[in-house]
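S.K.: from the sequence below, what's the structure:
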Amino acid sequence: MTHLDELSNIAQNWFAAFNEHDIEKLLLLYDDEASHYSPKLKVRHPETHGLIKGKTALRTWWQDAFLRLPTLKYELIRLTPYEDRIFMEYIPCWRAFVTRCRSWLFLVCED
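M.R.: Alright, predicted model coming up:
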């Protein structure tokens, strides 16, 4: 398996865990000191400036999101791996509502 295949597997596992709302599976994909940036964080928690760090903060963020949006799922559009990162393009969906806005997420793997 190539490094790019590994990145694609991580991304597929991320989407599966997210769509199952399985926070523990999501957290297994992250380093203890991982950082997460989101414009939604910036809006909901301005004191973060959109950036949280560590698994405790990630757990809190996802618990809140899944409680507020219990039917939230991401429809995968495309995965684009490159060197040590993967670009994940998706459409958020909830309550039989599919946004036509595409979103993006980068996962960066560091040794």
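S.K.: only C-alpha atoms for contact and neighbour calcs from this point on.
M.R.: Fine.
S.K.: same question for stretch 54-68, mean pLDDT?
M.R.: Confidence over stretch 54-68 (mean pLDDT, whole number) is 95.
S.K.: quick one: contacts of stretch 52-69?
M.R.: 21, 23, 27, 30-37, 72, 94 (CA atoms under 8 Å, 6 or more residues apart in numbering).
S.K.: swap the cut-off to 10 Å and go again
M.R.: With CA atoms under 10 Å, 6 or more residues apart in numbering as the test, stretch 52-69 has contacts from 18-19, 21-24, 26-28, 30-38, 41-42, 45, 51, 70, 72-73, 93-95.
S.K.: likewise stretch 1-18?
M.R.: 19-30, 62, 66, 72-76, 79-88, 90, 105-109.
S.K.: buried ones among these?
M.R.: 21, 23, 26-27, 29-30, 62, 66, 72-76, 79, 81, 85-88, 90, 106-107 (16 or more other CA atoms under 10 Å).
S.K.: from the residues you listed, which ones fall inside helices?
M.R.: Among those, DSSP state H puts 23, 26-27, 62, 66 in helices.
S.K.: ok, which pair from the residues you listed is furthest apart?
M.R.: By the measure CA to CA, L27 and F66 form the most distant pair in those, at 14.5 Å.
S.K.: what about stretch 72-91, how long is it end to end?
M.R.: 11 Å (CA to CA, to the nearest Å).
S.K.: run the chain-centre distance for it.
M.R.: From the chain centre to the centre of stretch 72-91 is a distance of 9 Å (CA atoms, centre = their mean, to the nearest Å).
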